[in-house]
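Undergrad: This is a predicted model, with the sequence first.
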Amino acid sequence: MIEKIVPPQVAAAEVFGDVAGATLFPAEEAAIASAAERRRREFTAGRACARAALSRLGLPPAPILRGARGEPTWPAGVVGSITHCAGYRASAVARAGDLVTLGIDAEPDSPLPEGVLDLVATAGERASLRQLGTSAPGTCWDRLLFSAKESVYKAWFPVTGRWLGFEQAAVTIGPAAGTFTARLMVPGPERHDPRLDELTGRWLARNGLVVTVVTVPA
């Protein structure tokens, strides 16, 4: 799925479940030593996807540790992202000379739990979702909005090192084109081109999942 919406310079890998026989580097094992078994399986499969994606760039296996906010840390010269949800794990990577940053997210194509939409969507976004539900039924647009904002954050944080709240990105979804645009309500990093005040992405709904990707060209 994910490879259908990433640009050509991005290498991606995905699995629909866990990865039998997948192993971790010692530093990765140490990072999740106290994690529950479900989290260990997600983490291991995600790292297996990351190494498969790195291999498609012609790069050797490497440990993918976690940063201060749990974000994956990549080998020098690489940008990337990892996602997982029930029944799905994926990773996408690119050379830093091709992309400034990228973010991916996957979610079940099912409505958000009660009360969550009010926490993640602006009034304008909620109105747009109601229109989409009428004009283009069949996709859980609230979940897609959530996923798009997750991908935006995953692309934003590695460049800025700053938190980005759900209310700080206004997302407009293109239902026919499979695209979305996020207008950010906070200033991007100074002396950075592009300034990251607007991010664009692509989405796909298939196999009971929604997946989203944000990329920023170098």
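TA: Arrived safely.

Undergrad: Quickly list what Gly103 is bridged to.
TA: Beta-bridge partners for Gly103, by DSSP bridges, are Val214.

Undergrad: how many neighbours does it have?
TA: Residues near Gly103, counting by other CB atoms under 10 Å, number 29. Heads up, the C-betas are built off the backbone N, CA and C, glycines and all.

Undergrad: That one is in contact with Lys154, isn't it?
TA: Yes. Assessed by CB atoms under 8 Å, Gly103 is found in contact with Lys154 at 3.0 Å.

Undergrad: list the residues that contact both of these two?
TA: Residues within reach of Gly103 and of Lys154 at once, by CB atoms under 8 Å, 6 or more residues apart in numbering, are Ser81, Val214.

Undergrad: Could you chop this protein up by domain?
TA: For the chain, automatic domain parsing gives the domain ranges 2-98, 105-217.

Undergrad: could the ones you listed be laid out in a markdown table, adding mean neighbour count and mean pLDDT?
TA: Converted to a markdown table, the domains of the chain look like this (neighbours: other CB atoms under 10 Å; pLDDT from 0 to 100):
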| stretch | mean neighbour count | mean pLDDT |
| --- | --- | --- |
| domain 2-98 | 17 | 95 |
| domain 105-217 | 17 | 93 |
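
Undergrad: Now do the same contact list for the residue positioned nearest the centre of the chain.
TA: Nearest residue to the geometric centre of the chain (CA atoms, centre = their mean): Ile104, 2.0 Å. Each residue near Ile104 by CB under 8 Å, 6+ apart is listed here: 2, 6, 12, 81-83, 90-92, 151, 154, 211-214.

Undergrad: So which of those sit within helices?
TA: Among these, the members found in helices (DSSP state H) are Ser151, Lys154.

Undergrad: Of the contacts of Ile104, which belong to strands?
TA: Ala12, Ser81, Ile82, Thr83, Ala90, Ser91, Ala92, Val211, Thr212, Val213, Val214 (DSSP state E).

Undergrad: from what I can see the first one touches Val6, true?
TA: Yes. Distance between Ala12 and Val6: 5.2 Å, which falls inside the contact criterion (CB under 8 Å).

Undergrad: Would you state the helices of this structure in chain order?
TA: Listed in chain order, the helices of the chain (DSSP H) span 26-31, 37-56, 116-120, 123-135, 141-160.

Undergrad: Of all those, which one comes closest to Val186?
TA: Evaluated with CB to CB, the helices of the chain place helix 141-160 nearest to Val186, the distance being 8.9 Å.

Undergrad: Grab the nearest non-local neighbour of Val159.
TA: In space, and not counting its chain neighbours, Val159 is closest to Thr101: 5.0 Å by CB to CB, 6 or more residues apart in numbering.

Undergrad: Find me the pLDDT at that neighbour, would you?
TA: Thr101 carries a pLDDT value of 95.

Undergrad: oh, and call the first residue 489 from now on, that's how I've got it
TA: With the count now opening at 489, the last piece we talked about shows up as Thr589.

Undergrad: I figured it hits Gly568, correct?
TA: No. Using CB under 8 Å, Thr589 is not in contact with Gly568; the gap is 9.2 Å.

Undergrad: measure the closest residue to Glu686 other than its chain neighbours to Arg650 for me?
TA: Nearest in space to Glu686, with sequence neighbours left out and distances taken as CB to CB, 6+ apart, is Arg671 at 5.3 Å. Counting by CB to CB, to the nearest Å, the gap from Arg671 to Arg650 is 17 Å.
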